[in-house]
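*Asks:* Return atomic coordinates for the entry below.
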Amino acid sequence: MSRLPVKSLMRFKSVCKSWNNLISESRFSKLHLQRSMDGNRINFTYLSGCDTTLAYEASTGKLMQSDDDDDVALSVLAYCNGLFCIALADDLFLFNPCSRKARKIPNSPVEFPTGASTWASVFFGLGHRAASDDYQLVRISMFGDVDFSTEVKIYSRNSEAWRVVGDFPYDYPLSRPGVFAAGCLHWIVSVWDGGVHHHRVALLDLEDDSYRSIQLPDFGGRVPPFFDIGALDGKLVVFYYSSSDGASSIWILEEHGRAKSWTRIKIATDCVSSLEAFVYFQPLCFLKPGRILVRLGAKMVAGFHVAEKRYYNIYMPHILECQMVSFLESLVSPDALL
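*Replies:* Model prediction:
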């Protein structure tokens, strides 16, 4: 039963009490998540720019798609293991799009330091703390007019409360949302080292709320004008398009925290324009050993065979003109564990 799609399992909960109890157990949820990881049970949604609208039904605790003009388009702020943090009007929710279950996150106002304006840059990340089986939302608020002071708060799904942790010790993140891999949330940041300005990957370890940074891969002496980070198969990746050789690259951190373990996969992108590859190139997921699903352009998604260096099964969905995200189909609940 743990290999079945979430939609089927939601129906089976009404068959009998024993099935409802089984499917509702956190142990079953974790087993189903692992099956999804092993079986490439992947879904796709959009971070912004599309006309999707949702309405929150307080009586059922669910967010449902709606055509009502009074509803508000959602904005995805962070995601992890099939669980999303979304903004709907002025409220934040933890939301599982497969089960449609949602929980409203209690409001926690940004606390502005003395002398700061009422404006702040805010960055989010959602990750999983394995030791307590807790999903945690990180909110980083940065106040540029007060010597780049910061406020970092973490919301715990299990305690349903916010807590304050140490200040973010880096400059403004250049990537959003935070990427979860190997128990940590990651952002690209700029740092000054010996009078030299360069980029690194900053990380927040959710097990002990500590910060550190990871060196980026060796780009051959020339940093790409645009690059981003993501996660594939639980590993941190850096990806970008290079106009100098007309190809895109995916760097995979094989051993988390060890800069020398970056390995490169080079992907030809000559089937789309250089502008489209620059703007839209994005690895979405590993399909099976040696094959990767990538987004090539505004309207093209394809499988890429790494060893044979060729594309197969090229798809051209009708709506792709906005930022995509792939996510695992899961039963992970937005509600606190009992």
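*Asks:* Show me the strands in the stretch 151-300 of the chain, by range?
*Replies:* 161-165, 179-181, 184-193, 196-205, 210-215, 228-232, 235-242, 247-253, 262-268, 282-288, 291-297, 300-305 (DSSP state E, counting those that start in this stretch).
*Asks:* Including mean pLDDT, mean neighbour count and distance to C80, could these go into a markdown table?
*Replies:* From N, CA and C alone the C-beta is placed, and that goes for glycine too. Formatted as a markdown table, those follow (pLDDT from 0 to 100; neighbours: other Cβ atoms under 10 Å; distance: least, Cβ to Cβ, whole Å):
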| stretch | mean pLDDT | mean neighbour count | distance to C80 |
| --- | --- | --- | --- |
| strand 161-165 | 96 | 13 | 18 |
| strand 179-181 | 95 | 23 | 5 |
| strand 184-193 | 89 | 18 | 9 |
| strand 196-205 | 89 | 18 | 13 |
| strand 210-215 | 94 | 15 | 19 |
| strand 228-232 | 90 | 19 | 9 |
| strand 235-242 | 88 | 22 | 14 |
| strand 247-253 | 89 | 20 | 18 |
| strand 262-268 | 88 | 16 | 23 |
| strand 282-288 | 79 | 17 | 15 |
| strand 291-297 | 80 | 21 | 19 |
| strand 300-305 | 81 | 19 | 22 |
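*Asks:* K104: how many residues sit nearby?
*Replies:* 15 (other Cβ atoms under 10 Å).
*Asks:* Okay, and the residue lying closest to P334 once chain neighbours are set aside sits in which element?
*Replies:* Using Cβ to Cβ, 6 or more residues apart in numbering and skipping residues adjacent in sequence, the residue nearest P334 is L94, 3.5 Å away. Using DSSP states H and E, the element containing L94 is strand 91-95.
*Asks:* in its sheet, what does that strand sit against?
*Replies:* strand 83-88 (antiparallel), strand 102-105 (antiparallel) (DSSP bridges).
*Asks:* Would you mark the buried spots in that strand?
*Replies:* Across strand 91-95, burial judged by 16 or more other Cβ atoms under 10 Å covers L92, F93, L94, F95.
*Asks:* Same question for stretch 163-176.
*Replies:* V165, F168, Y170, D171, P173, S175, R176.
*Asks:* Who are the contact partners of R176?
*Replies:* Counting by Cβ atoms under 8 Å, 6 or more residues apart in numbering, R176 touches F123, F124, W187.
*Asks:* change it to 6 Å
*Replies:* Each residue near R176 by Cβ atoms under 6 Å, 6 or more residues apart in numbering is listed here: F123.
*Asks:* mind checking the backbone torsions on it?
*Replies:* phi -150, psi 150 (degrees, to the nearest 10).
*Asks:* do you know how far it is from V325?
*Replies:* 12 Å (Cβ to Cβ, to the nearest Å).
*Asks:* go on, S210?
*Replies:* When S210 is compared with V325 (using Cβ to Cβ), they lie 27 Å apart.
*Asks:* What of D205?
*Replies:* For D205 relative to V325 (Cβ to Cβ), the value is 23 Å.
*Asks:* And the spatially closest residue to L203 that is not a sequence neighbour, how close does it get to H256?
*Replies:* In space, and not counting its chain neighbours, L203 is closest to C184: 4.3 Å by Cβ to Cβ, 6+ apart. According to Cβ to Cβ, C184 and H256 sit 8 Å apart.
*Asks:* do M142 as well
*Replies:* Distance from M142 to H256, by Cβ to Cβ: 26 Å.
*Asks:* quick one, which of these two is more surrounded?
*Replies:* With neighbours defined as other Cβ under 10 Å, M142 and H256 compare such that M142 has more, 20 against 16.
*Asks:* beta partners of the more buried one?
*Replies:* S121, T150.
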